[in-house]
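Asker: With the input below, show me the fold.
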Amino acid sequence: MTNQPCAPQPLVGGVERVLRSLYISAVFLAFVVLGAAAPFIYSLGYIWVDTFRPQEVSYFFLNQIPVSLIMAALAIGSYILIDRRSPAPVTIHTILTILLGIWVTITSIFFAVAPDTVWVKWDWAFKTIMFSAFIPLVFRSKIQIEAFLGIYIFSAAVHIVPVGLKTMINGGGYGQELGVIGGNSLFSEGSTLAAASLVLIPVTLYLRKHSQILPRWKIVKLGYLALIAVMLAAAIGTYARTGLIGIVVLIAALWLRSDRKILGALAGAAVAMSVMAFTSTAWNERISTISAYQTEDSALGRILVWQWTLQFVATHPAGGGFNSYQINEVRFPPNAYNPEGEIARGKAFHSIYFEVLGEHGWPGIILFGGLVLTSLTRIIHQV
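Answerer: Residues are numbered from 1 along each chain as shown. This next block holds a predicted model:
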């Protein structure tokens with residue numbers, strides 16, 4: 001075999017990679033430097049790292065260092081050494097969060113049914129849970145809370161905007177990698193991306209109306225509206241049924257909160273008609289499977305996995321630890337395409353509630369449900 005010289009990469013691609021990596025590294029270093037003057041910025045940096053995930057987008061430097069660990073250490077260390085004034089009161093929500101972090105560790109140690117992979121998921125899940133308990137200690141003022149929301153929205157927008165723009169230009173597609181990160185988890189998973197896109201719309205509307213950090217120029221308000229339009233397009237472009245259900249729930253919730261019900265109804269109808277006009281035949285065919293869940297493998301498979309989860313926790317009330325879905329076995333009934341039926345193994349939960357139940361049992365779902373209820377209670381109280 002002769003040694004042939006490697007074909008050089010195109011200059012444009014090489015320059016783009018260098019510039020991208022340099023820019024992302026500069027943002028990371030900016031968080032590090034500015035945090036020395038205002039310690040809460042380190043926590044903003046952690047939110048940016050955990051949401052944007054620069055280590056998976058950069059081609060050098062940041063993909064070689066533990067950026068998440070560095071930001072977490074700076075955030076917690078600076079709070080303990082510098083910023084422990086006027087600490088937030090300990091609430092039931094905080095206690096439930098800490099208890100959940102402890103419980104998922106206990107299930108990982110004593111009840112894991114997939115011990116080869118349990119600690120891979122525990123590594124990021126535990127850190128996320130515990131840092132969420134740390135956040136109220138750091139973000140106390142209105143400006144700090146707005147900064148937190150802004151950083152999260154614009155970090156998530158890095159994943160959402162490319163999908164929305166591609167959908168606007170040439171349509172989306174089910175299971176396609178349309179974002180900046182590949183794979184089938186977090187923002188690269190269609191249903192997750194659709195849900196996140198829609199959840200962030202009310203927050204974006206809030207910032208558009210009440211922001212004190214960005215100037216209240218007309219172009220800024222138009223920018224927020226454009227971002228909302230792209231978020232809607234991204235939710236549609238994933239072809240996830242989550243997107244359609246989420247849009248219906250979102251429109252209903254915004255209408256209930258609106259002071260102008262008639263105008264809100266007209267706006268909701270306009271959005272619905274725009275979605276219908278914007279979607280393709282392939283999207284309509286995908287969404288129509290909602291009514292045919294008994295024969296559509298994806299929808300039926302989820303129902304079967306949920307049934308398996310209930311049977312599993314009946315004999316394993318403490319759950320099976322992270323990634324316990326890997327031991328499941330579900331049987332699809334016979335159909336026209338497969339007269340003998342089919343057995344699927346290791347099928348994902350496809351539901352956060354059944355995931356928590358299957359992995360951490362009844363104690364886990366009670367703690368998780370408590371977090372949801374206390375969050376909703378506080379929101380309703382504020383409203």
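Asker: Figure out how far the helix or strand A196 falls within is from the centre of its chain.
Answerer: Element membership of A196 [criterion: DSSP states H and E] is helix 190-210. Put simply, helix 190-210 sits 11 Å off its chain's centre (Cα atoms, centre = their mean, to the nearest Å).
Asker: and for that helix, what are the contacting residues?
Answerer: Residues from elsewhere that reach helix 190-210, judged by Cβ atoms under 8 Å, 6 or more residues apart in numbering: 146, 149-150, 152-153, 156, 159-160, 163-164, 174-175, 179, 185-187, 214, 220-221, 224-225, 227-228, 231-232, 234-235, 238-243, 246-247, 249-250, 253-254, 350. Bear in mind the C-beta positions are built from the backbone N, C-alpha and C, glycine included.
Asker: Which stretches in the stretch 251-383 of the chain count as strands?
Answerer: Per DSSP state E, counting those that start in this stretch, the stretch 251-383 of the chain carries strands over the ranges 329-332, 342-345.
Asker: now, of those strands, which is deepest in the fold?
Answerer: A comparison of these by mean neighbour count, using mean count of other Cβ atoms under 10 Å, puts strand 329-332 on top with a mean of 14.
Asker: Direction included, what does that strand pair against?
Answerer: In the sheet, strand 329-332 lines up against strand 342-345 (antiparallel) (DSSP bridges).
Asker: In PDB, list the C-alpha atoms belonging to the partner strand.
Answerer: Presented in PDB, the C-alpha positions along strand 342-345 are these (Å, rounded to 0.1, in the frame of the first residue of the first chain):
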ATOM      1  CA  GLU A 342     -42.400  -8.500  17.200                       C
ATOM      2  CA  ILE A 343     -40.400  -8.300  20.400                       C
ATOM      3  CA  ALA A 344     -38.500  -5.100  21.100                       C
ATOM      4  CA  ARG A 345     -35.800  -4.800  23.800                       C
END
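Asker: what's the average pLDDT for that strand?
Answerer: Strand 342-345 carries an average pLDDT of 83.
Asker: Any regions of this protein where pLDDT drops low?
Answerer: 1-13, 171-179, 182-185, 272-298, 335-339, 341, 378-383 (pLDDT under 70).
Asker: and it, what are its domains?
Answerer: Using automatic domain parsing, the domain ranges for the chain come out as 14-87, 142-291, 293-382.
Asker: related to what we said a few turns ago, let's see which of the contacts of helix 190-210 end up in helices.
Answerer: Counting by DSSP state H, the part of these found in helices is 146, 149-150, 152-153, 156, 159-160, 163-164, 220-221, 224-225, 227-228, 231-232, 234-235, 241-243, 246-247, 249-250, 253-254.
Asker: which among these end up buried?
Answerer: Listed as buried from these are 146, 149-150, 152-153, 156, 159-160, 163-164, 224, 227-228, 231-232, 234-235, 241-243, 246-247, 250, 254; burial here means 16 or more other Cβ atoms under 10 Å.
Asker: mind checking the SS state of I181?
Answerer: When classified by DSSP: H, G, I helix; E, B strand; the rest coil, I181 comes out as coil.
Asker: Please enumerate the helices of this protein.
Answerer: For the chain, the helices defined by DSSP H occupy 11-35, 40-52, 67-81, 92-110, 118-138, 142-170, 190-210, 218-237, 241-257, 261-278, 281-287, 297-315, 352-382.
Asker: what residues are up against the spatially closest residue to W48 that is not a sequence neighbour?
Answerer: Nearest non-adjacent residue to W48, counting by Cβ to Cβ, 6 or more residues apart in numbering: S155, 5.1 Å away. Neighbouring residues of S155 by Cβ under 8 Å, 6+ apart: I47, W48, T51, F52.
Asker: Look up how far F154 lies from L22.
Answerer: Applying Cβ to Cβ, to the nearest Å, the value for L22 to F154 is 19 Å.
Asker: With I98 instead?
Answerer: For I98 relative to F154 (Cβ to Cβ), the value is 29 Å.
Asker: same check, this time on K218
Answerer: 20 Å.
Asker: more neighbours, those two?
Answerer: Shown here are K218 and F154; by other Cβ atoms under 10 Å, F154 has more neighbours (15 against 7).
Asker: Could you check how far that one is from G237?
Answerer: Taken as Cβ to Cβ, the span from F154 to G237 is 20 Å.
Asker: next one: E56
Answerer: Taking Cβ to Cβ as the measure, E56 falls 21 Å from G237.
Asker: More neighbours: those two, which one.
Answerer: The residue with more neighbours, out of E56 and G237, is G237; 32 against 14, by other Cβ under 10 Å.
Asker: out of the domains of the chain, nearest to V104?
Answerer: domain 293-382 (5.7 Å; Cβ to Cβ).
Asker: Count the neighbours of W124 for me.
Answerer: Here the number of neighbours of W124 (other Cβ under 10 Å) works out to 12.
Asker: I misspoke; the intended subject was E16.
Answerer: Residues near E16, counting by other Cβ under 10 Å: 12.
Asker: so how far is S21 from the closest residue to V138 other than its chain neighbours?
Answerer: Distances taken as Cβ to Cβ, 6+ apart place S43 nearest to V138, at 4.5 Å, with adjacent residues excluded. S43 is 24 Å from S21, where distance means Cβ to Cβ.
Asker: more neighbours, those two?
Answerer: Between S43 and S21, counted using other Cβ under 10 Å, S43 has the larger neighbour count: 29 against 18.
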